[in-house]
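**Q** after the sequence you'll find the predicted model.
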Amino acid sequence: MEDVLNAPGLEAIRRKMADFMVTLPNHIAYSFQLPYDCKGQECLDKICDILGIIESDYFGLKFTERQTGWKIWLNNRQEVRHQITSRPPYQLTLWVKYYTDINLILQPTTLDAFFMTVKRQIKEGSLFLQDAQKGTIGAFIAQAELGDISEVGTSGGSGTETQTQYGYPEYFPEWNVGIVKNIADEHKKLRGMPSIEAKRHLLRHASDLFRFGLEMTKVMISDGQRAMIGIGGGAIHVFDIQWNYIKRIPYNHLTTVLYGIDNFTVQFKTRNQQQEIVEQRMKFIVPTTAIAKSLFRATTENQTFFLHPTVNDDVRNHAHMPSMAKCKRLFKQLLKLNIKVEPRYYFDVARTKHEAYTYAWQRLHQVNQEEMNNSARTEAPPPPSTANNITGDSDVYSPSTVPTSCTSSSGMQAKSKLNLFWGLSQSSCDLAKELLPDSQLAESSSEEFLSAFVVGKGEQEGSRRRRKGRWKGRDRQRRRS
């Protein structure tokens, strides 16, 4: 009875379910149910399965903190209910977390998600574009979404008529007739380009834009100066409020990263005026501890993903035990209760950039092999009938009636089984034939030799049993007498 109650199926039924709603960058939302105590990785895997994305290492889920309104990355190694204070349904948003090289993207679905993210950033003004760049960027977006240009606006028409004729939606925060005409002129040059190629060209051009792949946060430097800090790519970027560079700190120059109640501190190596390598420290003041912790986490995870060959144990096992979890662990030890106690991990980076690419390539290769095997099974002709393949009452296939392809596989299996049964391999049969004085057996094939050996073995076994039976009969007669 206890085994029935602890069955895996009943355990899944007993788990309380919670509603989730994940919104994509193009504002399309998907809703589904997951166990109430599920972790962030289960939610990410679910939405990636819906979208058909295998390269899930590049993406993450964000939620809005209730107190500050700050959007924070969901930790995939922690339970969702411990991170989001609001009640279900949990509202999440799918974003690109690690902007890897465009050439490393393997799936079209992954490329679509990158395209949606970059397009929304351009629309919201997160990426800075010059006026000369807007025509090219807008043309690639139009070619990817609308295809070849169909209508050409008249030079004498009004601005509204020109925009209506071309049918372009507003791709940029600043939108006017001049931008529409520039997009149309560039769009004509892209006639015949496939949608997927247009998306790749857009991402390549967007990777050169200012603030591409950076997660910006408003901070204050220790001297009271207001600034913006951007984390992403291969370095930490510090700007003033006019977007002038203050400092760029590459990840390979970092030595220490710390966070406190209302501050975030980085220590790095740099060169002074005498070109000597010295250590410098920069301290940033932030509004809340959650923002300081998110900066600390983003710096460590980006450094691990882009710079390291693999995720080391210090990053993977960095965790703390909450006070409630400590009490549960104490009761579990004293009362021997079945209580699940897990630490709270700081980081959820599972693979580095090269490991993520290798893993995705292997998964795609495995999926392709499975699809090829399934198609081969469905398209293969039916096997030949038993009446045509079996001779008499024996279990040996006749080479005269079986096709060549079938004989090569079935015959080899029969040989290997027979040789393994008697402990003789093909080379052992050849060696035995050379040592036997019988010329007929020496000139016979391996199959004939094995059959003769089996017959001889059977005759020896029968004679031995008969002799043993006669001796037993004589013993019985002696006892009676």
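**A** Here it is on my side, so go on.
**Q** roughly how far apart are Ile179 and Glu170?
**A** Separation of Ile179 from Glu170 (Cβ to Cβ, to the nearest Å): 9 Å. C-beta here means a position set from N, CA and C on the backbone, and glycine is covered the same way.
**Q** go on, Arg363?
**A** 38 Å.
**Q** how about Arg120?
**A** Distance, Arg120 to Glu170, using Cβ to Cβ: 13 Å.
**Q** of these two, which one has the most company?
**A** Remark: of Arg120 and Glu170, Arg120 carries more neighbours, 15 against 12, as counted by other Cβ atoms under 10 Å.
**Q** contacts only, for the more buried one.
**A** 25-26 (Cβ atoms under 8 Å, 6 or more residues apart in numbering).
**Q** and it, which of the three is it?
**A** helix (DSSP: H, G, I helix; E, B strand; the rest coil).
**Q** with Val266 instead?
**A** Val266 - assigned by three-state DSSP - is strand.
**Q** next: Leu92.
**A** At Leu92, secondary structure determined by three-state DSSP is strand.
**Q** list the buried residues of stretch 349-358.
**A** 349-353, 355-357 (16 or more other Cβ atoms under 10 Å).
**Q** ends of it, what's the gap?
**A** Counting by Cα to Cα, to the nearest Å, you get 16 Å between the two ends of stretch 349-358.
**Q** what's it in contact with?
**A** 55, 57-58, 76, 98, 100-101, 104, 106, 301, 304-306, 308-311, 315, 359.
**Q** rerun at 7 Å
**A** For stretch 349-358, contacts defined as Cβ atoms under 7 Å, 6 or more residues apart in numbering pick out 55, 57-58, 100, 104, 301, 304-306, 308-311, 315, 359.
**Q** report the lowest-confidence entry in these.
**A** Lowest pLDDT within those is found at Val315 (86).
**Q** for that residue, give me its contacts.
**A** Contacts of Val315 (Cβ under 7 Å, 6+ apart): 300, 304, 347, 349.
**Q** lowest-pLDDT helix or strand in this structure?
**A** Lowest on mean pLDDT, DSSP states H and E among the helices and strands of the chain sits helix 404-422, with a mean of 38.
**Q** ok, back up a step: for the contacts of Val315, which one is nearest Glu279?
**A** Thr300 (18.6 Å; Cβ to Cβ).
**Q** show me what counts as buried in whichever strand or helix holds the closest one.
**A** Here Thr300 sits within helix 289-307, counting by DSSP states H and E. Using 16+ other Cβ under 10 Å as the test for burial, helix 289-307 gives 291-306.
**Q** show me what the closest residue to Ala29 other than its chain neighbours is bridged to.
**A** Take Ala29 and drop its neighbours on the chain: the residue closest to it by Cβ to Cβ, 6 or more residues apart in numbering is Thr23, 4.6 Å away. Beta-bridge partners for Thr23, by DSSP bridges, are Ala29, Thr93.
**Q** burial check on Thr23, number of neighbours?
**A** Neighbour count of Thr23, defined by other Cβ under 10 Å: 18.
**Q** before we move on, what about Phe128?
**A** For Phe128, the number of neighbouring residues by other Cβ under 10 Å comes to 12.
**Q** how about the contacts made by it?
**A** 209-211.
**Q** contact partners for the nearest residue to Gln303 once chain neighbours are set aside?
**A** Leaving out its chain neighbours, the residue that sits closest to Gln303 by Cβ to Cβ, 6+ apart is Tyr251, at 4.2 Å. Each residue near Tyr251 by Cβ under 7 Å, 6+ apart is listed here: 234-235, 303, 306-307.
**Q** out of those, who's nearest Arg81?
**A** After measuring those against Arg81 - Cβ to Cβ - the closest member comes out as Gln303, at 29.3 Å.
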